[in-house]
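[1] Quick one, structure for this:
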Amino acid sequence: SAIVWVYDLEGNELDQIERTNVNRLQVAWFYPTGDDNVYQFNPIVVDGVMYVLAREGSLVALDAATGEEKWLHAGLRGVARRRINFWESENGGDRRLLLQINDYLQAIDARTGQSILTFGENGLVDLRQGLDRDPATINRVQSSTPGKVFENLLLLGSAPGEGYLSSPGYIRAFDVVTGDLVWTFRTIPRPGEFGYETWPP
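    Coordinates of the predicted model:
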């Protein structure tokens with residue numbers, strides 16, 4: 001099975017690792033994923049907690065110093081592969097992990113691993129909505145990249161196909177607390193929007 005590992009240099013800080021001592025790096029801990037899947041996923045570390053994918057597509061929170069499992073949120077097959085986003089309120093009381101899964105946007109409590117059901121509709125935002133197309137005709141919109149958190153917004157692109165009837169590659173901003181769509185930048189402008197006159201009628 002695949003493992004997650006970090007290296008330790010006899011307790012030294014990372015900024016003390018250089019060419020003269022890199023050969024002395026050693027494994028500090030490892031975490032077995034519990035399956036034979038290959039995870040193309042960039043873990044994130046926030047305040048000593050590492051968030052990874054493992055165990056048949058579950059999101060797992062690990063103590064970054066020891067590798068000890070803190071919580072596991074199962075049933076997340078279809079998560080965007082590259083990474084997830086982290087957001088916290090100004091007072092630190094609300095900490096969220098934001099991820100795309102099977103054309104939906106979901107928020108998970110970073111402290112407990114539980115879905116935040118007040119986000120969107122019962123914890124989900126349908127990314128196929130609001131693209132000037134019948135959502136039933138959209139086969140894929142979820143991007144393989146995680147987007148970017150800016151203040152209280154998640155800025156998110158999309159991954160439309162290349163066919164004639166593919167969904168447009170709009171860039172959208174979602175409220176990280178409510179899941180509401182805040183604004184849309186249309187890469188193909190509508191009548192009256194900047195740049196529309198540069199296209200044929």
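
[2] Name all residues that make contact with W87.
    Contact analysis of W87 by C-beta atoms under 8 Å, 6 or more residues apart in numbering lists R95, R96, L98, V149, N152, L154, V176. Where C-beta positions appear, they are placed from N, C-alpha and C, glycine not excepted.

[3] do you know how far Q106 is from F174?
    The gap separating Q106 from F174 is 11 Å, by C-beta to C-beta, to the nearest Å.

[4] which residue is nearest the middle of the protein?
    By C-alpha atoms, centre = their mean, the chain has its centre lying nearest to I84, at 2.0 Å.

[5] Mind pulling up the pLDDT for it?
    I84 carries a pLDDT score of 91 in this model.

[6] ranges for the strands of this protein?
    With DSSP state E as the criterion, the chain has strands at 3-8, 26-32, 44-46, 49-54, 58-63, 69-73, 85-88, 95-101, 104-109, 124-126, 148-150, 153-156, 171-175, 181-185.

[7] returning to that earlier point: and for Q106 and F174, which residues touch both?
    In contact with both Q106 and F174: V125, using C-beta under 8 Å, 6+ apart.

[8] quick one: low-confidence parts of the protein?
    For the chain, the stretches flagged by pLDDT under 70 are 1-15.

[9] D180 reaches A173, doesn't it?
    No - judged on C-beta atoms under 8 Å, D180 makes no contact with A173 at a distance of 9.7 Å.

[10] Which one's more surrounded, those two?
    Of the pair D180 and A173, A173 is the one with more neighbours under other C-beta atoms under 10 Å, namely 20 against 12.

[11] Tell me the one of the contacts of W87 nearest A54?
    Distances from A54 to those, taken as C-beta to C-beta, are shortest for L98 (19.1 Å).

[12] Any figure for the gap between the closest one and G34?
    L98 sits 25 Å away from G34, going by C-beta to C-beta.

[13] Looking at the two, which has the bigger crowd around it?
    More neighbours surround L98 than the other of L98 and G34, with 24 against 14 (other C-beta under 10 Å).

[14] Enumerate every residue touching the nearest residue to that one once chain neighbours are set aside.
    Among residues not flanking L98 along the chain, N85 sits closest, at 4.3 Å (C-beta to C-beta, 6 or more residues apart in numbering). N85 makes contacts with L97, L98, L99, P146, G147, K148, V149, L154, as judged by C-beta under 8 Å, 6+ apart.
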